[in-house]
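# Any chance you can model this:
(one chain, ligands or ions: 2)
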Amino acid sequence: MQKITEKIRLLCTEKNAVILVHNYQLPEVQDIADFTGDSLELARVSQKLKCKVILFCGVHFMAETTKILNPDKTVLIPDLHAGCPMADMITEEQLRREREKHPAAAVVTYVNSTAEVKALSDICCTSANGVKVVNSIEQEDVIFTPDKYLGSYIERQIKNKKFYLWSGYCPTHMVFSKSGIEKLQKAHPTAEVLAHPECRIEVQKIADRICSTSQMISHAKTSKASKFIICTEIGMLYRLQKENPGKEFIAGSHNAICPSMKLNSLEKVLWALEDMKHEIHVDETIRQKALKAIERMVAIP
Ligand code: 13P
Ligand code: SF4
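Numbers count the residues shown, from 1 in each chain. Ligands and ions are numbered 1, 2, ... in the order given. Reported below is the predicted structural model:
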């Protein structure tokens, strides 16, 4: 019997498809990727692809961002229910009202958001480039949505701007606590603490470094440290360990599991390619507006 991974690879050739996989995906899904990365890297990679079909293994907003950037390609997601609760913490209507309250402010929106919210924003950012993005805008006032923790991290790096932070957050990153990390630090005194900016502020403050998921990978490779306490979704540990076999990676919490990210199984990847489902569609007017905010971000080196 043909192995599922062989079937997937054959279908990719047959359908001229490329598989993009986010760093939080299940190990077996990461292993069949053409490209693995964080939100920013995958958005950048998608623009350079010559294929007809992109199968995006991640959550809905990531596949939607890929569709916005690649309107002529078919973009598929293995499970349509793979949403991001943080992205749903602000609606188009709520952002419209927030803009009316602060008319002089620029709206900076984390890519973890819907296409409709992006369309109402001046520029997008990811966890990898938030500080650069906010520094690139002229306005002194900034409405930052939807993640209050990423927003607060950026605010602490930039002194000359006034921030209005939306109150969204990631439930998965809320499980990391200051006391939990301090216990791990006592048990592993030489370990470096790497935290995603979606973590609570008190966790960010005791971390040695705040990084996007791919920045964790590049830092782990070059750092002199041989042990790391990782404060982000548990799927990260697989890639970190695989690419750094001589180093040790300790989970900041074993409960940091994003249920949506785990919906994309290898079977669903196969079915998605067999049946060309589930296709991502974005209304053209919304797409054009959201594209401006994403392209403005992608253009920042
Ligand atoms: P990255 O952009 O760092 O990959 O993060 C995306 C995300 O959803 C974090 O929870
Ligand atoms: Fe959304 Fe959090 Fe899951 Fe990232 S880890 S996709 S922010 S719910």
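# tell me, how many neighbours does Pro78 end up with?
26 (other Cβ atoms under 10 Å). Every C-beta, even on glycine, is put in place using the N, C-alpha and C of the backbone.
# Give me the pLDDT for the most centrally placed residue in the chain.
Computing the C-alpha centroid of the chain and ranking residues by Cα atoms, centre = their mean puts Ser39 first, at 4.1 Å. Ser39 is assigned 89 on the pLDDT scale.
# what does Met1 give?
56.
# In the stretch 201-301 of the chain, what residue lies closest to ligand 2?
Nearest residue of the stretch 201-301 of the chain to ligand 2, counting by Cβ to the nearest ligand atom: Cys258, 3.3 Å away.
# Distance-wise, check that residue relative to Asn264.
11 Å (Cβ to Cβ, to the nearest Å).
# Ok, Ile206 next?
Relative to Asn264, and taking Cβ to Cβ, Ile206 is found at 32 Å.
# Then Ile230?
Distance from Ile230 to Asn264, by Cβ to Cβ: 21 Å.
# helices or strands next to the helix or strand hosting Gln204 in the packing?
If you go by DSSP states H and E, Gln204 is part of helix 201-206. Counting contacts by 3 or more Cβ pairs under 8 Å, 6 or more residues apart in numbering; DSSP states H and E, helix 201-206 is packed against helix 148-157, helix 178-187, strand 192-195.
# And the average pLDDT for it is what?
98.
# chain center to it, what's the gap?
20 Å (Cα atoms, centre = their mean, to the nearest Å).
# For the stretch 151-300 of the chain, which residues are neighbours of ligand 1?
Contact residues, the stretch 151-300 of the chain versus ligand 1 (Cβ under 6 Å from any ligand atom): 170, 198, 212-213, 233.
# Can you tell me which of those end up in helices?
Thr213 (DSSP state H).
# Tabulate the residues of the stretch 151-300 of the chain next to ligand 1 (TSV), appending pLDDT.
As requested, those are exported to TSV (pLDDT from 0 to 100):
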residue	pLDDT
Cys170	98
Glu198	98
Ser212	92
Thr213	90
Glu233	97
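# re earlier: ignoring the adjacent residues along the chain, who's closest to the residue of the stretch 201-301 of the chain closest to ligand 2?
Thr172 (4.4 Å; Cβ to Cβ, 6 or more residues apart in numbering).
# Equivalent analysis for Glu155, please.
Going by Cβ to Cβ, 6+ apart, Glu155 has Phe163 as its nearest residue, at 4.5 Å.
# In this structure that neighbour contacts Gly151, no?
Yes. If you go by Cβ atoms under 8 Å, Phe163 and Gly151 touch, sitting 6.3 Å apart.
# Give the residues shared as contacts by these two.
Phe144 (Cβ atoms under 8 Å, 6 or more residues apart in numbering).
# Those two: which is more packed in?
Gly151 (26 against 18).
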